[in-house]
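Asks: Quick one: sequence plus predicted model below, questions after.
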Amino acid sequence: MPKIVHKQNDNTKYNRINQIYEMLKNNVHGMTITELSKELDVSTKTIQRDLHEVLKDFGAIKEGRTWKIDPKLTQDNLASNEKLILGILDEMAKGAGGIFYSKAHSLLSQVTQQLEHPIFANINGEYLEEKNITLFEQIERAIKQKVEIKFDYENYNFHVKPLKLAFFDGFWYLLTLHIGKKDEVFKKYHLKSIKNVQALEVNFEILQIVEDRLRYANSVWFNLDEQFVVRLFIDKSIRKYFERKPLRGQTIMGEDRDGSIEIEIKLTHEMEIIPLILWYIPYIKVLEPQWLADDVKERVHDYLKEIL
């Protein structure tokens, strides 16, 4: 398999849409789909989909074979791509519950009154009530100020250094360094289960290695242990899903003639990737490490033995 190294960002699609918008806005004569395709190194079908499904509703117009941004809209104080982003944020806020949405929608409406957009997003996240938002703000403040906190959680009291508020698989978590009698341990707490937060007058600093590893968190199974590399074979039939929504830190290492690819990703716990592998079987295969491939094989074997 020929080596093709291609790093991807989580927001690849939206970066591309923004690039298309900027190119059309800055080119008074417009651009054809073929020209855009060559500039961004994607298929003409992808460009057509971006134009018709997204950008057409935010000022992109077709004149003959060329596309451009409607000159009337470029005079707005708020650019069309900014309205697009605000529209997406407004729709995403609905998934967090009525109280959160009412606050978010009110805030976004102060920026623009044009939130009658054609976007629908189902984030499927847990609802945040008024007390949860107050808790969120309290912990966020402690994180920014880098002060230690204490709180009650499942009938126990904990003393921690708050690191990040994280959204994993529809749930909010607080990532922390739990302060024990002898050492500090990385722990995660379900945000809505935290009660009676008390900010302490004790400041702390976060080591750079901790900051760096937090950027690679893919799921609630993430920890601060040393990372290991996982290499996966992705069949051509599911390749598009790993391109549309790349895993954090994902790198495409090679491409087969039939369109299948190999990817690498750095993890700290096998359960960051095992559920995804089981979801896509038989169109995905663990190439490295061998112990992970054996783990997946054993899980599948045990499951089949149970149901057959």
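Replies: Happy to help now that I have it.

Asks: so where is the stretch 151-300 of the chain shaky, pLDDT-wise?
Replies: Applying pLDDT under 70 to the stretch 151-300 of the chain picks out no residues at all.

Asks: Would you state the strands of it in chain order?
Replies: Along the stretch 151-300 of the chain, the stretches classed as strands by DSSP state E, counting those that start in this stretch are 156-168, 171-179, 184-190, 194-203, 228-234, 251-255, 261-267, 284-288.

Asks: likewise the stretch 1-150 of the chain?
Replies: Counting by DSSP E, counting those that start in this stretch, the stretch 1-150 of the chain has these strands, from start to end: 3-7, 31-32, 60-63, 66-69, 147-153.

Asks: before we move on, back to that, which one of the strands of the stretch 151-300 of the chain lies nearest to Ile20?
Replies: Between Ile20 and the strands of the stretch 151-300 of the chain, the shortest gap by Cβ to Cβ is with strand 251-255, which sits at 22.2 Å. All C-beta atoms are positioned from the backbone trio N, CA, C, and that covers glycine.

Asks: circling back: tell me the most buried of the strands of the stretch 1-150 of the chain?
Replies: strand 66-69 (a mean of 21; mean count of other Cβ atoms under 10 Å).

Asks: Which strands and helices lie in contact with that strand?
Replies: Using 3 or more Cβ pairs under 8 Å, 6 or more residues apart in numbering; DSSP states H and E, the elements in contact with strand 66-69 are helix 12-26, strand 31-32, strand 60-63.

Asks: got a markdown table for the ones you listed, with distance to Glu270 and mean pLDDT too?
Replies: Formatted as a markdown table, the entries for the helices and strands packed on strand 66-69 read as follows, by distance: least, Cβ to Cβ, whole Å; pLDDT from 0 to 100:
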| stretch | distance to Glu270 | mean pLDDT |
| --- | --- | --- |
| helix 12-26 | 26 | 80 |
| strand 31-32 | 46 | 92 |
| strand 60-63 | 44 | 88 |
